[in-house]
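**Q** model this:
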Amino acid sequence: MSAKQISQTQTYHEFISKRVNLISPSGIRKFFDLLASMDGVISLGVGEPDYATPWHISEAAIQSLERGYTMYTSNSGMPELRQEISRYLKGAYGVEYDPLGEILVTVGVSEALDLTMRAILNPGDEVIMTDPHYVAYDSCVILAEGKPVMIPTSQENSFEVNAVDIEAKITDKTKAVLLGYPSNPTGAVMPRDKLSAIAEVARRRQVLVVSDEIYARLVYGVAHACFAGLPGAKENTVLLGGFSKAYAMTGWRVGYAAAPRDIINAMTKIHQYTIMSAPTMAQVAAIEALKSGEPNVLEMVEDYNRRRLFIVRGLCDIGLSCFEPKGAFYAFPSITITGMTSEEFSEKLLTEEKVAVVPGSAFGKHGEGYVRCCYATSLAEIEEALIRMKRFVRKYKK
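**A** Residues are numbered from 1 along each chain as shown. Just a heads-up that it's a prediction; the model follows:
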């Protein structure tokens, strides 16, 4: 049947999976598209480091290309990379994973999240998560025929979730709890004692915890608690991590999952038919990052911290209440004093003052009333963005 014949009898919409129709396009991408059509915009929207990948990491990948290392690797990833990930997790958090059967190298943490949901969920299974949350969380659950179950968080509770609220949401259909701390979009970091209480509930109620820790290295004045490293938590935890944020390697697309062997085996089945293996040269770069990239991480974290303090103080000074983020590189100020929705605020700010932020509603129902401001940009640009935002807020403040 030709395209013309199809258009006469039915729409292409009817060919689309019902699961795909249940999810919305990313609210972040909408603003990236607007941004691309404008000049002179200061972007506080893109959630990636403004640093280039440290040269020694890129050089390792270049050398691998020069030596002809361009073939597939093992589906699970290069053995050396899995060994380095295992060493890192043991050294940093005291949690041990067998690199031969409990670690899978993926195309970024996004693939690891997708694989996890497809590997563990049956139709109708429920996954508990916070609201607001990273944009892919609920969509990955829906695409795996699961049901997202939300727990609201807010500035008043520092965007943290507690074990009591999680347990109240557990039903006989609950398969997992999905946590993302340090948080995108809020910058919240969960205290170890609260995570331990959640681990105890998950263990007692026999549900998995999927812990997205891509921002684990980007914390300020607090320690990151690896969920799998909590007492008794490893056995029912799927730990997701990667290299994009801490090592400024977003475009390299390399991440990993660490979990009990049966879960990794199930994820690998899907991975081998859809991806085959993460890019070889990116895996070589990740090995170099783990072996020699620590000074680079510390330097970037110190710089992000200066920017963090500057932007939070600046947002509060112009009247946008903002709790102090302790991780990642995002501030999540309230914009309720303007009387606008978060999408209205973001669109007007972009068109009138050429400052790009992301509406909080892109991250869930309870993100409404906030916007996400990424401070992984220069202090000079942050300063100018704040000047423009101050002018904008004064104009629209109720």
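
**Q** and residue 209, how far from residue 166?
**A** Separation of residue 209 from residue 166 (C-beta to C-beta, to the nearest Å): 10 Å. All C-beta spots, glycine's among them, are computed from the backbone N, C-alpha and C.

**Q** overlap in contacts, these two.
**A** 177, 198, 202 (C-beta atoms under 8 Å, 6 or more residues apart in numbering).

**Q** so for the first one, what pLDDT did the model give?
**A** Reading off the per-residue confidence, residue 177 sits at a pLDDT of 98.

**Q** check the last one too.
**A** Listed pLDDT for residue 202 reads 97.

**Q** can you add neighbour count and secondary structure and give the shared contacts of residue 209 and residue 166 back as JSON lines?
**A** Converted to JSON lines, the shared contacts of residue 209 and residue 166 look like this (neighbours: other C-beta atoms under 10 Å; DSSP: H, G, I helix; E, B strand; the rest coil):
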{"residue": "177", "neighbour count": "31", "secondary structure": "strand"}
{"residue": "198", "neighbour count": "24", "secondary structure": "helix"}
{"residue": "202", "neighbour count": "26", "secondary structure": "helix"}
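
**Q** how about the contacts made by residue 86?
**A** Per C-beta under 8 Å, 6+ apart, neighbours of residue 86: 96, 97, 98, 99, 103.

**Q** from those residues, which land in helices?
**A** Using DSSP state H, the subset of the contacts of residue 86 located in helices is empty.

**Q** would you turn those residues into a markdown table with pLDDT, distance to residue 155 and neighbour count?
**A** Output for the contacts of residue 86, formatted as a markdown table (pLDDT from 0 to 100; distance: C-beta to C-beta, whole Å; neighbours: other C-beta atoms under 10 Å):
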| residue | pLDDT | distance to residue 155 | neighbour count |
| --- | --- | --- | --- |
| 96 | 97 | 38 | 14 |
| 97 | 98 | 36 | 23 |
| 98 | 97 | 41 | 12 |
| 99 | 97 | 41 | 19 |
| 103 | 98 | 37 | 25 |
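
**Q** so which of those residues belong to strands?
**A** Among those, the ones falling in strands (DSSP state E) are residue 103.

**Q** wait, which of the contacts of residue 86 is closest to residue 341?
**A** residue 103 (42.8 Å; C-beta to C-beta).

**Q** my read: that closest one touches residue 82, true?
**A** Yes: counting by C-beta atoms under 8 Å, residue 82 is a contact partner of residue 103 at 4.6 Å.

**Q** pull up the overlap in contacts between those two.
**A** The contact lists of residue 103 and residue 82 share 76, 256, where a contact means C-beta under 8 Å, 6+ apart.

**Q** run through the helices of the stretch 251-398 of the chain in chain order.
**A** 261-274, 280-292, 294-317, 342-353, 379-396 (DSSP state H, counting those that start in this stretch).

**Q** buried ones in the longest one?
**A** In this case it means helix 294-317. By neighbour count on 16 or more other C-beta atoms under 10 Å, the buried set for helix 294-317 is 296-297, 300-301, 303-305, 307-308, 311-312, 314-315.

**Q** right, and residue 92 touches residue 226 too?
**A** Yes: here residue 92 reaches residue 226: they are 7.2 Å apart, a contact under C-beta under 8 Å.

**Q** ok, those two, which is more surrounded?
**A** When residue 92 and residue 226 are compared on other C-beta atoms under 10 Å, the one with more neighbours turns out to be residue 226, at 23 against 13.

**Q** neighbours of the nearest residue to the more buried one once chain neighbours are set aside, how many?
**A** Nearest residue to residue 226, sequence neighbours excluded (C-beta to C-beta, 6 or more residues apart in numbering): residue 93, at 3.8 Å. By the criterion of other C-beta under 10 Å, residue 93 has 18 neighbours.

**Q** you'd agree residue 93 is up against residue 229?
**A** Yes: the criterion here is C-beta under 8 Å, and residue 93 meets it with residue 229 at 3.8 Å.

**Q** now the closest residue to residue 377 other than its chain neighbours: phi and psi?
**A** Nearest residue to residue 377, sequence neighbours excluded (C-beta to C-beta, 6+ apart): residue 50, at 5.1 Å. Residue 50 adopts backbone torsions of phi -90, psi 0, taken as degrees, to the nearest 10.

**Q** in contact with residue 50, which residues?
**A** 376, 377, 378.

**Q** likewise residue 293?
**A** By C-beta under 8 Å, 6+ apart, the neighbours of residue 293 are 54, 56, 57, 247.
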